[in-house]
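Trainee: heads up, no residue letters with this:
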């Protein structure tokens, strides 16, 4: 199990690695974001047990999908999926 990290801490780490939040205008044949959003909706926060996490997508500077981040709206814990 990973150590809890807040949304802000994870955001800072990912930005320092050259990524940025957002959604690109074009997508491939399979939309991974839709799958990630469905997983987040069904996920439960490890810290407070709240069910239904928010999806935050992260992209590289070349607009390549880098990470899906599940964020708890109750305690602000974040988990890179």
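Mentor: Ah, there it is. Nothing here was measured: the structure is a model prediction, and the numbers come from that model.
Trainee: just for the protein, where's the confidence low?
Mentor: 1-3, 21-31, 63, 65 (pLDDT under 70).
Trainee: for it, what spans make up the strands?
Mentor: 5-6, 19-21, 54-60, 65-71, 77-80 (DSSP state E).
Trainee: and the shortest one, what does it pack onto?
Mentor: Read it as strand 5-6. strand 77-80 (3 or more C-beta pairs under 8 Å, 6 or more residues apart in numbering; DSSP states H and E). Quick note: C-beta positions are derived from backbone N, CA and C, even for glycine.
Trainee: so what's residue 55 up against?
Mentor: 33, 36-37, 40, 68-71 (C-beta atoms under 8 Å, 6 or more residues apart in numbering).
Trainee: about what we covered before: out of the strands of the chain, the one nearest residue 13 is which?
Mentor: Taking C-beta to C-beta, strand 5-6 is the member of the strands of the chain nearest to residue 13, at 8.0 Å.
Trainee: type out the ChimeraX command that picks the buried ones from the contacts of residue 55.
Mentor: For the buried members of the contacts of residue 55, the matching ChimeraX selection, counting by 16 or more other C-beta atoms under 10 Å, is:
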select :36,37,40,68,69,70,71
